[in-house]
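# Quick one: sequence and predicted model below, then my questions.
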Amino acid sequence: MNQLRMRTSLTRLVVVGALMGLSPISWAQTAREPATPDGWEPRRTASGHPDLQGYWDGGPANASHSIEEGCCDPIHARMQSRGPERLGLPEQLIVDPPDGWIPYQDWAAERRTELLYDMETPTELGHIDPEDRCLLLGAPRSTYRGDVEIRQNEQYVVIQYEWAHAYRVIPIEPRAHISHEISLYNGDSRGHWEGDTLVVDVTNLNDQPWLDSHGSFYSDALHVVERYTLIDDDMIRYEATLEDPNVFTQPWTLAFTMGRKGGEGYEFFEEACSEGVTNVHRLAAGRQAVAAGERYIHTHDAEK
Amino acid sequence: MCRAGARRARGVLVVGVVLLAVAAAGQKPVTGGGSYSPPRTADGQPDLQGVWQALNTAAWDIRDHSPQLGIPAGQGVVVGGEIPYQPWAVEQQRENFENRVTADPETRCTMPGVPRATYMPYPFQILQFADRVLILYEYVHATRTIYMDGSPHPEGHIDFWMGDSRGRWEGDSLVVDVIHFIDQTWFDRAGNFHSEALHVVERYTPDGPDHLTYEVTIEDPNVFTRSWKMQMPLYRRQEANIQLFEYECFAYMEEELADPK
């Protein structure tokens, strides 16, 4: 039985199981802190901070499909030009809690399961993966949806995402967050250095983006703290801690490493997203299907 | 009053002298005074960084136009006033204008292209780094990386909404050469247009701590009989807490389409 279906049909048991210290999934390889070479020192900018600049691989393969399970089945793999061997997550993405699952409150776990149905027959925009709607994906999903470019100067760290030409301008000088009356897809970012780690505090997020294509949602109370640490010349350790008292039972953390990408002359090309796209026909089809009594869950089981 | 008058007189005198000097040298003044020297970045570049915005009516029509409901009158930003369309293009522009309510790419929330992004009524931010300048636009989070390392445009043709930008410094002016455009953007809401052969050269010249002169040369042998220019000032946003937000046009449009009111 595939893991997703198990997850879906046993949502309640998973919660109980987690309480009993059981995990619905056992990882062949658990996430671990990669070692920094002895005596290694990061290259530094003129202002003395580690130089994070350059192009970086987005997070692990398949993470944007599901941060709990990755993706998928041979059909999905072929659609994404990946070999059939590249299914699932290469390593556990959620490092805390240790079971690797998002610690949803009961009502939120139920809603997420509902979304796994709704996404197959969407009747409202909120049932469609925000990625398909070309929304800005917010923090942290932007970091594992595609490649990332970091630039630094005295006042700012600018992060550009190749996917949908998204960007974030992160002021480094002390500056208060904007009014809580303003909510944004990518939120409001403020950065500071803790030793050699860039720490970015993200607030003012709206509740539209998901954390992956599996309907992993959050509320506009989400508070994200990201940590970017250069661990060797060509590797960044990325960590994001998510806190949302409306939706999660506890703060939780995902982490992965990002390898340096590209050589001399490597550049991002423009990746227009919404140009020529519409989701209205998907809503029409979904509404028709639901009216006809069709309803089924998103699954990775190819024999569905 | 006396002192202010004297200061003004001195200002006029300075401008007069500069104009005389320019005239004597037989040059056309391309920028404001030309005497302003901008601060430098740590690595010595003229520092044009900040959040800027146009304050004119070019978003509606880059030419002189009368007021209408919701549209303020405005004086054009086209140098000399005339856009030198080829005869067929005069007709095309007229058709675009008549169909503008549905035909303007802005109604589909696409990236606005260059130079239209500059004078949309939204702020944009210039950020400088050792080998590149970023221009980030609030409107539909359009972005441009202007490579300053002497690298050539990639081979093409490539249909980019925002083109491919390669820049250099000429004195204190940032000069940007832009090609590889898609033919699906307009210059304004009045149907002024171009083809994929569009070649844009932009000059951003600091005229004071809070002003840039933005001069654009437009070349498109498929549409115009000769090259032509736009010119306008850009203003630094003065709010101490200014920052770019989001204007996710496509997302808001889909919300409307999903549940028409």
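Right, received. Where do you want to start?
# Only C-alpha atoms from now on, for both contacts and neighbour counts.
Fine.
# Next up, the contacts around residue B:50.
Applying CA atoms under 8 Å, 6 or more residues apart in numbering or on different chains, we find residue B:50 in contact with B:125-127, B:236.
# can we see that at 7 Å?
Counting by CA atoms under 7 Å, 6 or more residues apart in numbering or on different chains, residue B:50 makes contact with B:125-126, B:236.
# Looking at those residues, which is nearest chain A?
Nearest to chain A among the contacts of residue B:50 is residue B:125, at 9.5 Å by CA to the nearest CA.
# and the stretch 101-250 of chain A, which residues reach chain B?
Contacts of the stretch 101-250 of chain A with chain B, taken as CA under 7 Å from any CA of the partner chain, map to A:125, A:135, A:153, A:165-166, A:184.
# which pair in these spans the largest distance?
Pairwise distances across these (CA to CA) peak at 38.7 Å, for the pair A:125 and A:153.
# how about the strands in the stretch 51-200 of chain A?
Listed in chain order, the strands of the stretch 51-200 of chain A (DSSP state E, counting those that start in this stretch) span A:54-56, A:94-96, A:148-152, A:156-161, A:166-171, A:188-194, A:197-203.
# Just give me the neighbour total for the residue in chain B that chain A sits nearest to.
Nearest to chain A, among the residues of chain B, is residue B:110, at 5.6 Å (CA to the nearest CA). By other CA atoms under 10 Å in any protein chain shown, 22 other residues sit near residue B:110.
# Relative to residue B:195, how far out is it?
Counting by CA to CA, to the nearest Å, the gap from residue B:110 to residue B:195 is 16 Å.
# how about the helices in the stretch 151-300 of chain A?
Here the stretch 151-300 of chain A has its helices, by DSSP state H, counting those that start in this stretch, at A:280-291.
# and what of the stretch 101-250 of chain B?
Shown for the stretch 101-250 of chain B, the helices assigned by DSSP H, counting those that start in this stretch span residues B:116-119, B:249-258.
# so what does the longest one touch, helix or strand wise?
Helix B:249-258 sits against no helix or strand, with contacts defined as 3 or more CA pairs under 7 Å, 6 or more residues apart in numbering or on different chains; DSSP states H and E.
# quick check: angle from that helix to helix A:280-291?
Helix B:249-258 runs at 40 degrees relative to helix A:280-291, counting by axes from the mean of the first three to the mean of the last three CA atoms, to 10 degrees.
# For residue 133, which residues are in contact?
Here I'm looking at chain A. residue A:279.
# Correction: the question concerned chain B.
Counting by CA under 7 Å, 6+ apart, residue B:133 touches B:127, B:145-147.
# do the same with residue B:139
Residues in contact with residue B:139 (CA under 7 Å, 6+ apart) are B:122, B:246-247.
# That one and residue B:100: what is the separation?
Distance, residue B:139 to residue B:100, by CA to CA: 20 Å.
# of the contacts of residue B:139, closest to residue A:224?
Looking across the contacts of residue B:139 and measuring by CA to CA, the closest to residue A:224 is residue B:246, at 18.7 Å.
# Surely that closest one and residue B:138 touch.
Yes - the pair residue B:246 and residue B:138 passes the contact test of CA atoms under 7 Å, sitting 5.6 Å apart.
# what sits against the residue of chain A found nearest chain B?
Going by CA to the nearest CA, chain B is nearest to residue A:275 of chain A, at 5.6 Å. With contacts defined as CA under 7 Å, 6+ apart, the neighbours of residue A:275 are residue B:110.
# Just the buried positions in stretch A:188-208, please.
Residues of stretch A:188-208 classed as buried: A:188-192, A:196-208 (neighbour count, 16 or more other CA atoms under 10 Å in any protein chain shown).
# Revised request: answer the last question for stretch A:286-299.
The neighbour-count check on stretch A:286-299 (16+ other CA under 10 Å) flags A:286-287, A:289-290, A:295, A:297-299 as buried.
# what two of those are the furthest from one another?
A:287 and A:299, at 20.1 Å, using CA to CA across these.
# contacting residues for the residue of chain B closest to chain A?
Counting by CA under 7 Å, 6+ apart, residue B:110 touches residue A:275.
# Next one, pLDDT for it please.
With respect to pLDDT, residue B:110 scores 96.
# ok, now residue A:5?
On pLDDT, residue A:5 comes in at 34.
# again, but for the one 10 residues further on
Residue A:15 carries a pLDDT value of 34.
# do the one 10 residues further on as well
The predicted local distance difference test score for residue A:25 is 44.
# Least confident secondary structure element in chain A?
Lowest mean confidence among the helices and strands of chain A (mean pLDDT, DSSP states H and E): helix A:11-19, at a mean of 34.
# tell me which parts of the stretch 1-150 of chain B are close to chain A?
B:110, B:129, B:141-143.
# how many other residues sit next to residue 155?
By default, I'm working from chain A. If we define neighbours as other CA under 10 Å, then residue A:155 has 14 of them.
# sorry, should have said chain B
By the measure other CA under 10 Å, the count of residues near residue B:155 is 7.
# same check, this time on residue B:64
Neighbours of residue B:64 (other CA under 10 Å): 15.
# for residue A:103, same thing?
Neighbours of residue A:103 under the rule other CA under 10 Å: 19.
# OK, contacts around it?
By CA under 7 Å, 6+ apart, residue A:103 lies in contact with A:248-250.
# Also residue A:201?
Contacts of residue A:201 (CA under 7 Å, 6+ apart): A:189-191, A:224-226.
# Need those residues in TSV (columns: pLDDT and distance to residue B:93).
As requested, the contacts of residue A:201 are exported to TSV (pLDDT from 0 to 100; distance: CA to CA, whole Å):
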residue	pLDDT	distance to residue B:93
A:189	98	43
A:190	98	46
A:191	98	47
A:224	98	49
A:225	98	51
A:226	98	49
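# farthest-separated two in the residues you listed?
Greatest spatial distance among the contacts of residue A:201 (CA to CA): A:191 and A:224, at 11.9 Å.
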